[in-house]
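Undergrad: Have a look at this prediction, sequence included:
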Amino acid sequence: TVHTQSHDYPIFITASGDCRAFTEQSAQDNALAALDLATPIVPYIKGRQVLIVTNDLIAPLYLKGLQERLAQAGFDVRACVLPDGEQFKNQDSINAIYDALMQAHFARDCTLVALGGGVIGDMTGFAAASFMRGVNFIQVPTTLLAQVDSSVGGKTGINHALGKNMIGAFWQPVAVLADMATFATLPPREFAAGMAEVIKYALIMDAEFLAWLENHADKILAKDGETLAQMVHRCCDYKAQIVAADERESGKRALLNFGHTFGHVIETHQGYGAWLHGEAVAAGMVQALVMSYKLGLISLDDVRRVVALIERFELPVQPPKIAVDEALSLMGHDKKVQQGKIRLVLLRALGDAFVTADFDMAILNEVLTSVSD
Ligand code: NAD
Ligand code: MG
């Protein structure tokens with residue numbers, strides 16, 4: 001359960017299929033069977049009208065199963081299928097959702113269901129926040145990143161041509177359904193990118209979880225449903241704790257940016273899309289760890305230990321070559337920077353993070369230099 005100022009809501013985590021048994025050919029059949037456990041969300045749908053928002057990549061895999069299940073439960077279920085991709089996380093897509101709602105005469109007691117990754121979740125949430133000044137929505141996240149991060153916490157929105165996630169609202173879902181079986185079709189690179197955020201929770205919140213990840217790495221990589229469900233559960237717990245303490249990002253929520261200021265430099269320098277967000281965060285976390293080490297906060301063994309874990313999940317640990325001046329200026333443009341000072345999330349110990357703007361710039365320079373040549 002996530003506690004927020006507006007309401008509490010449940011996250012259902014299921015392993016409805018055996019993710020390991022899926023072969024290329026059977027993936028699609030099994031995918032339709034996945035989400036069969038959509039029934040837990042039924043009690044959270046208040047009116048009769050439901051609009052499932054998804055994209056053209058996910059629709060052939062999961063839309064039919066979910067749509068049929070909800071129709072069987074007696075709802076009037078429509079679908080809005082948007083083009084796939086971060087470049088479509090914009091006002092045109094929001095308008096397409098409004099059009100679908102208006103054309104089908106949806107009323108204030110309707111429910112939107114986001115079926116997809118973070119892009120679909122953020123857009124559906126924003127459409128729900130604004131349609132008729134706010135209607136219910138349910139998240140059915142289908143990427144690891146969406147399950148452990150974007151579907152929990154109520155940040156919704158779209159990109160503007162001049163900046164990412166610049167338009168949006170805080171709007172909490174009424175329920176979240178995360179089914180491990182959806183990983184059967186998720187590209188390995190997307191799964192790995194989600195693992196970066198999973199490792200991040202361990203580093204900022206809980207050293208014991210870091211050990212758990214080390215001990216369960218084989219099962220995670222083998223897509224063992226029960227293990228994945230436990231992992232997603234723990235991450236949702238961490239995020240829910242942070243969100244409950246700081247819904248509007250005035251304090252503790254900033255810890256979630258661990259590795260992200262360095263990662264932001266990589267993403268921007270390479271051009272959005274070249275590195276997945278999670279890949280940039282992975283290399284960015286290593287830089288934040290090295291910085292913490294150079295400031296005498298953690299040991300070199302700590303750094304090596306985390307690097308080994310990140311590598312195990314096939315994530316990059318080295319950023320690309322970026323000139324220090326350019327990196328610094330990209331950091332200055334980070335929206336997480338307050339009053340021109342670079343604020344970094346660093347570690348006091350594994351599992352214990354803090355935010356600071358008070359550090360020796362020479363050390364930051366060293367960290368940025370050590371990878372630029
Ligand atoms: P995404 O939604 O683009 O999904 C990645 C790719 O995987 C897409 O091509 C998608 O169609 C595909 N896909 C999704 N599920 C699949 C499945 N089960 N099988 C096969 N393919 C599948 O990317 P993402 O990483 O899930 O989310 C990134 C977005 O989330 C960004 O826009 C970011 O700004 C946002 N985000 C929001 C928050 C928040 O708090 N709201 C937090 C983190 C990130
Ligand atoms: Mg992130």
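TA: Yep, that arrived. Numbers count the residues shown, from 1 in each chain. Ligands and ions are numbered 1, 2, ... in the order given.
Undergrad: Give me the mean pLDDT for stretch 15-22.
TA: Averaging pLDDT along stretch 15-22 gives 54.
Undergrad: meant to ask about stretch 275-294, not that
TA: What stretch 275-294 shows for mean pLDDT is 98.
Undergrad: go on, stretch 60-67?
TA: 91.
Undergrad: Next, the distance between the ends of it.
TA: 12 Å (C-alpha to C-alpha, to the nearest Å).
Undergrad: ok, which stretches of the stretch 101-250 of the chain are strands?
TA: 111-116, 136-141, 155-160, 163-170, 175-179 (DSSP state E, counting those that start in this stretch).
Undergrad: Throw those strands into TSV and include mean pLDDT and mean neighbour count, thanks.
TA: The way it works is simple: take the backbone N, C-alpha and C, and place the C-beta from them, glycine included. As requested, those are exported to TSV (pLDDT from 0 to 100; neighbours: other C-beta atoms under 10 Å):
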stretch	mean pLDDT	mean neighbour count
strand 111-116	98	28
strand 136-141	97	27
strand 155-160	96	20
strand 163-170	94	14
strand 175-179	95	26
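Undergrad: Tabulate those (a markdown table), appending distance to ligand 1.
TA: What follows is the strands of the stretch 101-250 of the chain, written out as a markdown table (distance: least, C-beta to the nearest ligand atom, whole Å):
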| stretch | distance to ligand 1 |
| --- | --- |
| strand 111-116 | 5 |
| strand 136-141 | 7 |
| strand 155-160 | 4 |
| strand 163-170 | 5 |
| strand 175-179 | 9 |
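Undergrad: any chance of those strands in CSV, with distance to Tyr201 too?
TA: Output for those, formatted as CSV (distance: least, C-beta to C-beta, whole Å):
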stretch, distance to Tyr201
strand 111-116, 22
strand 136-141, 16
strand 155-160, 17
strand 163-170, 21
strand 175-179, 15
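Undergrad: Verify the stated contact: Phe209 with Arg234.
TA: Yes. Contact criterion C-beta atoms under 8 Å: Phe209 and Arg234 qualify, at 6.0 Å.
Undergrad: Give me the common contacts of the two.
TA: Jointly contacting Phe209 and Arg234 under the rule C-beta atoms under 8 Å, 6 or more residues apart in numbering are Tyr201.
Undergrad: Name the SS class of the closest residue to Phe258 other than its chain neighbours, please.
TA: Leaving aside its chain neighbours, Phe258 sits nearest to Val345 (4.2 Å; criterion: C-beta to C-beta, 6 or more residues apart in numbering). Per DSSP: H, G, I helix; E, B strand; the rest coil, the secondary structure class of Val345 is strand.
Undergrad: Any idea what Val345 is bridged to?
TA: Going by DSSP bridges, Val345 is paired in beta bridges with Val355.
Undergrad: Report the contact partners of it.
TA: Ile204, Ala254, Leu255, Asn257, Phe258, Gly259, His260, Thr261, Ala288, Ala353, Phe354, Val355.
Undergrad: Tell me how far the second one lies from Glu366.
TA: When you say that, I think you mean Ala254. Relative to Glu366, Ala254 is positioned 24 Å away (C-beta to C-beta, to the nearest Å).
Undergrad: Comparing these two, which shows the higher neighbour count?
TA: Between Ala254 and Glu366, counted using other C-beta atoms under 10 Å, the more crowded position is Ala254 (19 against 14).
Undergrad: Next, count neighbours for the spatially closest residue to that one that is not a sequence neighbour.
TA: Excluding the flanking residues, the one nearest Ala254 by C-beta to C-beta, 6+ apart is Val355, at 5.0 Å. Number of residues near Val355 (other C-beta under 10 Å) recorded here: 16.
Undergrad: There's contact between Val355 and Leu347 in this structure, I believe.
TA: No. At 11.3 Å, Val355 does not count as touching Leu347 under the criterion of C-beta under 8 Å.
Undergrad: how about the residue in the stretch 201-350 of the chain that ligand 1 sits nearest to, what does it touch?
TA: Among the residues of the stretch 201-350 of the chain, His277 lies nearest to ligand 1; the distance is 6.2 Å by C-beta to the nearest ligand atom. Listed by C-beta under 8 Å, 6+ apart, the contact set of His277 reads Leu145, Ala193, Gly263, Glu267.
Undergrad: Kindly recompute the last result at 10 Å.
TA: 86, 118, 145, 149, 164, 193-194, 196-197, 260, 263-264, 266-267, 284 (C-beta atoms under 10 Å, 6 or more residues apart in numbering).
Undergrad: Can I have the buried ones of those as a ChimeraX selection?
TA: Buried residues among the contacts of His277 (16 or more other C-beta atoms under 10 Å), as a ChimeraX selection:
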select :118,145,149,164,193,194,196,197,260,263,264,266,267,284
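Undergrad: how much space between Thr277 and Asp84?
TA: Let me fix one detail, which is that residue 277 is His and not Thr. 16 Å.
Undergrad: Equivalent analysis for Asp149, please.
TA: On the measure of C-beta to C-beta, Asp149 and Asp84 end up 19 Å apart.
Undergrad: mind checking pLDDT for the residue nearest to Phe75 when sequence neighbours are not counted?
TA: Using C-beta to C-beta, 6+ apart and skipping the chain neighbours, the partner closest in space to Phe75 is Val50 (4.7 Å). Listed pLDDT for Val50 reads 98.
Undergrad: May I ask you to confirm that Thr54 belongs to a strand?
TA: Yes. Assessed with three-state DSSP, Thr54 lies in a strand.
Undergrad: For it, the count of nearby residues, please.
TA: What Thr54 shows, counting by other C-beta under 10 Å, is a neighbour count of 26.
Undergrad: what sits against it?
TA: 60-63, 66-67, 79-82, 84, 113-116, 120, 124, 140, 142.
Undergrad: Just the buried ones out of those residues, please.
TA: 61-63, 66-67, 79-82, 84, 113-116, 120, 124, 140, 142.
Undergrad: who does Pro141 bridge with?
TA: Gly116.
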